[in-house]
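**Student:** quick check, what structure comes out for this input:
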Amino acid sequence: QLQLVESGGGLVEPGGSLRLSCAASGFTFDSYAVGWFRQAPGKEREGVSCINSSGGVTNYADSVKGRFTISRDNAKNTVYLQMNSLKPEDTAVYYCAADPWLAVSTCQPDPRFASWGQGTQVTVSS
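**Tutor:** Numbers count the residues shown, from 1 in each chain. Below is the predicted model:
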């Protein structure tokens, strides 16, 4: 059974940092591209950052370039999202998703992805 579990969310002041983790189980993790997506209240889910199966190709939304870094450790079946210089507009529920055909170049959410996590709340506020 494919399963993804996010962790690491929380409340942080503007300018602060958080590191999200996405732990996978039940499938051949190193064959799947993984993406981080977020959804703020009243808004559609959007792509934040994606990484290919080996970790050699990444993509970022313009709004997070230079502030967020995606990485993966296939030995630990985990993908990370390091978020620095956080802004109030980064407030959202963050989800990870995995699929062999997830397009890193476009990094758009798709409900047909093989697995979605349950989400972790990130709140940036003073």
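**Student:** pLDDT-wise, which helix or strand of this structure ranks last?
**Tutor:** Lowest mean confidence among the helices and strands of the chain (mean pLDDT, DSSP states H and E): strand 115-116, at a mean of 94.
**Student:** that one pairs with which strands?
**Tutor:** Applying DSSP bridges, strand 115-116 is found paired with strand 92-99 (antiparallel).
**Student:** can you give me the buried ones in the strand it pairs with?
**Tutor:** For strand 92-99, the neighbour count (16 or more other C-beta atoms under 10 Å) marks A92, V93, Y94, Y95, C96, A97, A98, D99 as buried. Heads up, the C-betas are built off the backbone N, CA and C, glycines and all.
**Student:** pretty sure G119 is in contact with R45, am I right?
**Tutor:** No. Between G119 and R45 there is no contact under C-beta atoms under 8 Å: 10.0 Å.
**Student:** overlap in contacts of the two?
**Tutor:** Q39, Y95 (C-beta atoms under 8 Å, 6 or more residues apart in numbering).
**Student:** A97 bridge partners, please.
**Tutor:** G35, W116.
**Student:** model confidence at it, what's the number?
**Tutor:** If you check A97, the pLDDT there is 97.
**Student:** what's the spacing between it and G26?
**Tutor:** 14 Å (C-beta to C-beta, to the nearest Å).
**Student:** in this protein, which residue is closest to the centre?
**Tutor:** With distances taken as C-alpha atoms, centre = their mean, W36 lies nearest the centre of the chain, 2.0 Å away.
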